[in-house]
Each structure stands twice: as C-alpha cells, then as structure tokens.
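>>> Need a 3D model of the following:
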Amino acid sequence: MSSCSALSLPSGMAALHDRASLLAGAFLPLLHVAKTHKALVRFSIKGSSNRKGFMQYGYITHTHEGECSGSLYIKSSLAESFHAHVQTEVCQGQHTLIWEQLRTFPSEELTGKVVLVRCNLDVSFEKEHIIDEEPIVSAAPTIAYLQQLGARTVLASHWQPIKSPVENLDAQLIAACLSKHIKKEVLQAGGVIGDSVRKIIDKLENGSILLLGNLLLHKEEVANDKDFSRKLAEGIDILVNDSFSIAHRVLASTVGITRFTSARIAGFQLEKELFFLTMAIERCESPLIAVVGGAKVSKVLGVLYSLVNKGFSVIITGSMVYTFLYALGTQGLPDFVESTMIPAVLNLMEVAKEREVEIFLPSDFLCIRGSCSQVFKAGVVPDGWTPICFGQQSLETTNAALQVCKMALWIGPVSMGGPLAPPEMAMLFATIFGKISQRGCITIVGGKEACSAVKNVGVASLITHLSGGGSAFLNLLKGMTLPGVAALDLACPMVLDWGEIYGNPYLPLFIDIGSGNGVFNLQMAQKYQDPQNYLGLEINRKLVKRCLDSVVTLQLRNVHFVTADATTALQRIVHNYPGQVTSVAVQCPDPNFSDPDSRWRVVQRRLVEAVVDILCKDGKVFLQSDVKDVAIQMKSEFLKYSGKNLVLSIEHLDPQKCDTEGWLNDNPFDISTDWENHVLERGDQMYRILLSRLGS
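Residues are numbered from 1 along each chain as shown. Predicted coordinates:
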C-alpha cells in the first residue's frame with residue numbers, strides 16, 4: 001500500500017546510510033550536518049517488495065554531531081528496479097546522462113561560496129497577508145541545505161507585487177515567512193542589481209541568506225538581457241536553479257546568468273520535478289493512463305502524441321472531447337469543435353490503435369438547463385441543454401480503467417463548460433486519484449485546476465507527486481527542451497567500472513577534454529595500443545554515441561568516451577581510476593570560442609584546479625587553438641590557477657621545436673585531429689602549448 005508508514009531510525013549516520021538505497025543518483029543523500037537542525041532527506045528503504053512507488057519527504061532531527069533520531073515517512077520505492085536498469089545501461093556502455101545536481105555537488109565547494117538560488121516564491125497575497133505558503137515550503141529544503149553547509153545564499157525570485165503604502169512590504173512578508181520555515185533570519189537586499197546590492201552580498205557571512213528584490217519588476221529578466229545577466233551574477237560563484245515552473249522560459253536569471261557563474265546546478269525541487277516527469281514515467285509498468293483536459297486539441301496535441309507513443313491510454317476531458325466525438329461522426333454537439341483538428345484527431349486514434357492503447361471518450365453527459373439537470377447520451381443532447389460533466393456511464397468506465405492502472409497522470413482542466421463544471425468534474429477525478437493512490441498506483445498531477453482539486457478534496461498527501469509547473473509540465477511531456485534545464489551543467493553521475501571499460505585499467509590515462517568527433521583519441525588508441533588508455537569527455541551526447549559505436553566497430557579496449565561537462569564532472573569521473581593520469585588535452589576549435597564570455601566559461605578556475613588535482617607528477621597538459629588570443633588566454637589561466645604546479649614544458653626551451661614566439665611547431669603526440677589538419681591545409685597556424693606538472 002502507498003499510504004505513509006513510520007520507520008524508526010537507528011542512531012548514527014552510518015547505520016542510516018546502510019539502510020538507505022539511494023535511487024541510482026536520482027534522489028537526495030542524507031544531509032551531513034551537525035548540531036541541532038531539521039534536515040530534509042529523501043531516500044528509499046530496501047525491501048522485498050517488487051511494487052513500484054516513490055518515497056515521500058521526511059525529517060530527521062540531528063541532536064548532536066554524528067547521531068540522529070526521528071522518523072522517516074516513506075512510500076514503497078522503485079529504487080531497486082531503477083538501480084538495476086541503470087547498472088545494465090552502464091555495463092552496455094550507455095551512460096545515463098543527467099544534469100548537475102545539488103545533492104551530488106561536492107559540499108566542500110559550497111561552504112563559503114556565494115550561491116544564487118533561482119527559486120519560485122510567487123506566493124498568493126490577500127489584504128497584505130500571505131494566504132498560500134506552498135511556494136515557500138517547496139523552496140525551503142534547498143535553501144536550508146545551503147545554509148547548513150555554510151554557503152552565502154542569495155535568493156532570486158519573482159512574485160505578484162501588492163499595493164501598499166509600506167515600501168517592499170511583499171518582500172518583507174516573503175522574507176518573514178521563509179525565516180519561519182527554515183529557522184534562520186532572511187535578510188533583504190531592497191533591490192536586484194547595483195552597487196548597493198553588491199555591497200550587501202560582499203558582506204554576507206557564511207550561512208547567511210539574502211532575498212533580492214522582485215525580478216518581475218525588471219523587463220530585462222524576460223528579455224534575457226546580457227548586461228542584466230552579468231550584473232545579476234556580480235559577486236556570485238554558483239547558480240542553483242530550483243524553479244521548474246519557469247524552466248520553459250528563456251530568462252536572464254535562469255539562462256543568461258549561466259555564462260557568468262562557475263557552476264550551474266539543479267536544486268532539490270527542480271530535480272524532483274524532472275525525475276517524476278522523465279525517468280519515473282519511462283520506468284513504470286503498464287497499464288498507464290493519462291487524464292488530459294483542455295478546451296482545445298491544438299494546445300495539447302503534442303502531449304497526446306507523446307503519451308500515446310509512451311504506451312499511455314488517454315482519458316480525454318474538457319471541452320476538447322467534442323472535437324474527438326465530432327471526428328468520429330457524433331452529431332448534435334455544442335459549438336466547441338475545432339474542425340481544423342479533425343484530421344489530426346483521426347490520425348492520433350490510428351496511432352493509438354497501432355500502439356494498442358485506448359482513447360477514452362465520454363458516452364454520456366450530465367447536462368443542465370436553468371435549474372434542471374439530466375443525463376443524455378453523447379450526440380443526442382437537446383437544444384438548450386449544456387453538458388457540464390461526464391454522465392454516470394462515462395464516469396464508471398473511466399473509473400474502472402483508472403482502478404487497474406499502475407501509473408496515472410492528470411494534466412489540464414477537465415471542465416466541460418458551465419458554472420458547475422470546475423468543481424464537479426475536478427473533484428470527482430481528485431477523489432478517484434486519491435483512492436487509486438491508496439492502493440499503490442503511482443499518481444502524478446499537474447496544472448492549477450488539478451492540483452487545487454486534490455488539495456480541496458483532501459487527498460493531496462496521497463498523490464505521489466504534485467507538479468508545480470503547468471506549461472513546463474506540458475512542454476516536457478511533448479519532448480521539448482526546457483531552456484532553464486538545458487542551461488545547467490551536464491554531469492556524469494555513475495561510478496565507471498574501469499575494469500569493464502579497459503583491457504588493462506592500470507595503464508596511464510590520457511584525457512581529451514572536448515573530444516568532439518573522437519578522431520584524435522581513436523587514432524591514438526589505434527597507433528599506441530599498449531602504453532596507455534584514452535578517455536574522451538564531450539558535452540554533445542550524439543557525438544559521444546558515434547564515438548562509442550566506433551570503439552565497438554574497431555574492437556578497441558583502450559579508449560572510451562563519456563558525455564559530461566568536464567568543468568564540473570572531471571574529478572568525479574576519474575577519481576577512482578586505478579592508474580595514473582599522465583596527460584590532459586584541451587583543444588578549442590569552436591568558432592565562437594574567441595568570444596570572451598564563451599572562452600571564460602570553458603577554461604575557468606574550477607577546470608584548471610581539477611586538472612592539476614588529477615594529474616600525476618611530470619604529467620602533461622596540452623593546450624591548442626587556431627585562435628591566438630584564445631591560446632594566450634588558456635595558457636595564462638592554466639598557469640594562473642594551477643597554484644604554481646604547472647610550468648612550460650622543456651620543449652618550449654628548444655628553438656627547433658618552437659617558433660620565434662614560443663609556440664610549438666608540431667603536435668607533441670604526433671597525431672592530428674581533422675580540425676587541426678583543416679586549419680593547416682588552409683595555411684593558418686595552430687597555437688600549441690605544453691605544460692608540465694610539478695610536485696608530488
């Protein structure tokens with residue numbers, strides 16, 4: 001059953017870790033904080049049950065360092081099956097790519113750093129009071145976690161301003177409410193950008209929390225203005241995006257700012273939303289049913305196609321049912337038919353038939369005329385009567401279908417038109433969703449009307465997941481890219497099994513950062529098969545797939561490729577490699593790389609420090625570009641941020657190996673990339689630098 005049950009926690013964090021089966025990188029680890037705090041945790045408990053479900057939030061009260069007590073409230077978990085699936089993918093060399101997440105981000109890199117959290121604090125006000133604190137409650141776990149780790153947290157959000165003679169009263173109310181939930185005073189900046197705001201940020205102490213002004217009052221936010229983004233990032237080290245509801249929009253605070261921060265990661269709330277709306281749906285067993293509502297087919301057609309292709313049967317609700325019924329030849333319908341969508345509806349029905357899933361349509365309606373109500377069959381509704389709800393037969397049919405499904409999704413308004421429709425239909429479906437949740441069905445509800453209905457009926461606590469993003473939810477279901485998510489760093493979450501990847505995992509390792517089409521690594525792997533292994537890191541997953549296909553075709557056991565952003569994931573990818581990392585190459589053929597902002601993002605302090613950390617004594621760093629200014633910048637930043645651990649290699653002292661400006665004449669590895677050959681063939685110069693690692 002999916003109703004919550006209490007589990008007593010053993011004392012000691014180690015014991016607690018032993019009982020927790022972290023969901024293959026998809027959920028929060030235990031918060032490692034000391035002293036007395038309430039820390040939000042999410043994890044699953046190992047068990048013999050094979051049913052799929054999801055964990056709920058629970059709180060652990062840390063009484064003193066290293067020990068904890070309290071209760072964790074859980075539901076059944078899909079952890080084991082999901083973990084097994086991911087492990088299978090890893091063994092096959094198909095790595096599950098996810099975005100950089102706060103829960104996996106090294107905690108030591110947060111302490112003392114200025115972290116901008118883009119959250120959704122769009123609360124509802126009434127007479128100068130907050131009447132709906134849910135946005136603040138949802139944002140609290142991420143903020144509390146950062147505060148506990150000693151980050152200097154800056155909060156950026158939008159909200160509907162209230163008219164009041166008291167200046168910034170809305171910000172004051174939000175700050176006070178936040179302080180109540182996280183048990184820590186939230187300071188106010190009184191603005192969003194500018195010298196005065198920067199001075200306040202610079203004076204923040206570790207563990208402090210600062211709320212910026214209302215982003216809604218700045219048109220540059222919606223315009224994704226570059227200058228505004230730069231000013232918003234002044235004094236900021238790391239961006240944490242924790243707002244799913246705006247992930248479908250291109251904003252300065254979620255997209256533009258990413259060019260000016262050293263790391264860009266997903267907060268707990270954003271990660272939770274993305275998990276349930278992507279991996280969870282993909283992993284669930286049939287039968288799957290989606291309740292999709294709305295007035296127009298044209299607005300949800302992409303969602304319907306996506307769901308049907310994923311194996312969902314669909315219950316059509318809202319006024320768009322009339323278009324479906326009309327397409328099937330039903331007459332006597334209200335004037336809500338989209339005649340231009342008839343071909344698309346018929347095609348969707350064919351696709352559903354091919355996929356062996358059903359499209360449920362109402363066979364009768366509850367109708368009203370004045371104060372009278374009566375049930376009529378679909379297609380025989382008399383003039384003057386208005387359908388407001390499914391009839392008894394239709395409700396019994398949809399209820400029966402929902403009662404046997406293993407996952408149920410509800411998105412969009414189900415109202416049929418008329419003043420009685422919203423509460424009647426929505427509350428009926430909310431009641432059904434509450435009941436099927438109790439029997440163990442995974443339920444996901446999104447959209448304002450649907451979420452309000454389950455709350456009003458009192459079953460919100462039973463629903464597996466309530467999504468806070470309407471348009472973002474729909475766009476994600478359509479398979480569209482969400483700009484706010486795409487702007488985050490990519491991460492390689494798994495621990496690589498080097499023994500499975502390489503024939504001899506103890507050989508020296510050569511790493512190519514930004515490996516592109518992989519020609520450089522593949523040629524070296526074929527030419528130098530015995531001395532070392534080769535690893536290519538590339539952010540473009542399509543290129544990585546092609547490279548891995550080439551590895552299989554060529555039957556190579558000394559080369560591998562991973563989709564990842566090396567700036568944020570390098571250390572975690574190679575930290576457990578059993579051999580030594582002897583060489584790292586950073587080559588920059590990107591035509592836009594001469595742009596200062598792009599250059600700064602690729603080669604920045606965090607990447608340099610990671611390279612220095614993994615490189616063995618006397619290890620080499622090879623830098624190459626066809627743009628002189630870029631090569632100069634790379635050389636400068638590697639030397640600057642290496643902590644005097646990198647110096648120019650001895651080759652630069654040999655006049656026969658360098659030109660008059662000190663650039664190497666030839667590639668020191670005696671292998672050229674196709675890009676490199678193209679540059680040389682057109683008569684241009686390659687600017688090459690080789691650095692050597694000092695120290696132990």
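>>> what residues are up against residue 160?
Contacts for residue 160 (CB atoms under 8 Å, 6 or more residues apart in numbering) come out as 122, 125, 216. Where C-beta positions appear, they are placed from N, C-alpha and C, glycine not excepted.
>>> just residue 483 next, same as before
Under the criterion of CB under 8 Å, 6+ apart, the contact partners of residue 483 comprise 247, 248, 249, 250, 254, 255.
>>> mind putting these in CSV, secondary structure included?
Below are these laid out as CSV (DSSP: H, G, I helix; E, B strand; the rest coil):
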residue, secondary structure
247, coil
248, coil
249, coil
250, coil
254, coil
255, coil
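>>> Burial check on residue 167, number of neighbours?
Taking other CB atoms under 10 Å as the criterion, the count of residues near residue 167 is 8.
>>> no wait, residue 534
Residue 534 sits with 26 neighbouring residues when counted by other CB under 10 Å.
>>> ditto for residue 296
Burial of residue 296 is recorded as 14 neighbouring residues (other CB under 10 Å).
>>> ok, now the one 5 residues further on?
Neighbours of residue 301 under the rule other CB under 10 Å: 18.
>>> and the residue nearest to it when sequence neighbours are not counted, what element?
Taking CB to CB, 6 or more residues apart in numbering as the measure, residue 301 lies nearest to residue 344, with 5.8 Å between them; neighbours along the chain are not counted. Taking DSSP states H and E as the definition, one finds residue 344 inside helix 342-354.
>>> next one: residue 512
Element membership for residue 512 (DSSP H and E) is strand 509-513.
>>> For the next helix or strand after that strand, buried residues please.
Per DSSP H and E, the first helix or strand lying C-terminal to strand 509-513 is helix 519-527. Within helix 519-527, the residues that count as buried by 16 or more other CB atoms under 10 Å are 519, 520, 521, 522, 523, 524, 525.
>>> Ok, stretch 173-191 next?
Applying 16+ other CB under 10 Å to stretch 173-191 flags 173-175, 177-178, 181-182, 184, 186-189, 191 as buried.
>>> cool, stretch 248-256 as well?
Using 16+ other CB under 10 Å as the burial criterion, the residues of stretch 248-256 that qualify are 248, 249, 251, 252, 253, 254, 255, 256.
>>> Which single one of those residues is nearest to residue 297?
Each of those was scored against residue 297 by CB to CB, and residue 248 proved nearest at 20.3 Å.
>>> so what's that closest one up against?
Taking CB under 8 Å, 6+ apart as the contact definition, residue 248 lies against 469, 471, 472, 475, 476, 480, 482, 483, 484.
>>> Could I get the full set of helices for the stretch 501-650 of the chain?
Counting by DSSP state H, counting those that start in this stretch, one finds helices in the stretch 501-650 of the chain at the ranges 519-527, 541-554, 566-574, 596-602, 605-614, 628-641.
>>> right, I mislabeled it, should have said the stretch 251-400 of the chain
Listed in chain order, the helices of the stretch 251-400 of the chain (DSSP H, counting those that start in this stretch) span residues 268-274, 280-283, 297-309, 321-327, 342-354, 392-403.
>>> Low-confidence regions, this structure specifically.
Low-confidence segments of the chain (pLDDT under 70): 1-98, 279-280, 332, 334-335, 417-423, 491-494, 529-530, 589-604, 696.
>>> pull the longest helix from it.
Using DSSP state H, we find that the single longest helix of the chain is helix 421-438.
>>> same for the helix or strand just after it, what does it pack against?
Where DSSP H and E defines the elements, the next helix or strand beyond helix 421-438 is strand 442-446. Counting contacts by 3 or more CB pairs under 8 Å, 6 or more residues apart in numbering; DSSP states H and E, strand 442-446 is packed against helix 280-283, strand 407-411, helix 421-438, strand 465-467.
>>> Helices along the stretch 51-200 of the chain, start to end?
With DSSP H, counting those that start in this stretch as the criterion, the stretch 51-200 of the chain has helices at 79-91, 134-148, 169-182, 195-202.
>>> any idea what sits nearest residue 450, other than its immediate chain neighbours?
Nearest-residue entry for residue 450: residue 410, 5.0 Å, with adjacent residues in sequence omitted and distances by CB to CB, 6+ apart.
>>> just checking, that neighbour touches residue 441?
No. Between residue 410 and residue 441 there is no contact, the gap being 11.7 Å when judged by CB atoms under 8 Å.
>>> more crowded one of those two?
When residue 410 and residue 441 are compared for neighbours, residue 410 comes out ahead with 30 against 23, by other CB under 10 Å.
>>> For the more buried one, which residues are in contact?
290, 291, 293, 429, 433, 443, 444, 445, 446, 447, 450.
>>> can the residues you listed go into JSON lines with extra columns for distance to residue 576 and neighbour count?
As requested, those are exported to JSON lines (distance: CB to CB, whole Å; neighbours: other CB atoms under 10 Å):
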{"residue": "290", "distance to residue 576": "42", "neighbour count": "26"}
{"residue": "291", "distance to residue 576": "46", "neighbour count": "24"}
{"residue": "293", "distance to residue 576": "49", "neighbour count": "25"}
{"residue": "429", "distance to residue 576": "49", "neighbour count": "28"}
{"residue": "433", "distance to residue 576": "44", "neighbour count": "28"}
{"residue": "443", "distance to residue 576": "39", "neighbour count": "25"}
{"residue": "444", "distance to residue 576": "36", "neighbour count": "24"}
{"residue": "445", "distance to residue 576": "41", "neighbour count": "27"}
{"residue": "446", "distance to residue 576": "39", "neighbour count": "24"}
{"residue": "447", "distance to residue 576": "44", "neighbour count": "25"}
{"residue": "450", "distance to residue 576": "45", "neighbour count": "27"}
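>>> How about residue 502, nearest residue that isn't a chain neighbour?
Counting by CB to CB, 6+ apart, the nearest residue to residue 502 once its immediate chain neighbours are dropped is residue 533, at 4.9 Å.
>>> my bad, residue 377
Computed as CB to CB, 6+ apart, the closest residue to residue 377 that is not its neighbour in sequence is residue 364, at 5.1 Å.
>>> The residue nearest to residue 301 - how many residues pack around it?
Residue crowding around residue 344 was assessed by other CB under 10 Å; the count is 17.
>>> swap in residue 533?
The tally of other residues near residue 533 (other CB under 10 Å) stands at 26.
>>> isn't it right up against residue 496?
No. At 11.7 Å, residue 533 does not count as touching residue 496 under the criterion of CB under 8 Å.
>>> buried sites along the longest helix of the chain?
Per 16+ other CB under 10 Å, helix 421-438 contains these buried residues: 421-422, 424-430, 432-434, 436-437.
>>> what do you get for stretch 99-119?
When burial is assessed from 16+ other CB under 10 Å, stretch 99-119 yields the following buried residues: 99-105, 107, 109-110, 113-119.
>>> re earlier: can you tell me which of the contacts of residue 248 are buried?
Burial by neighbour count, judged by 16+ other CB under 10 Å, picks out 469, 472, 475, 476, 482, 483, 484 from the contacts of residue 248.
>>> now, the most widely separated pair of those residues?
Distances among the buried ones among the contacts of residue 248 were taken as CB to CB; the most separated pair is 469 and 483, at 13.1 Å.
>>> any common contacting residues for the two?
Residues touching both residue 469 and residue 483 (CB under 8 Å, 6+ apart): 247, 248.
>>> Pull the number of nearby residues for residue 504.
The local packing count at residue 504 equals 14, with neighbours defined by other CB under 10 Å.
>>> For residue 472, give its distance to residue 101.
18 Å (CB to CB, to the nearest Å).
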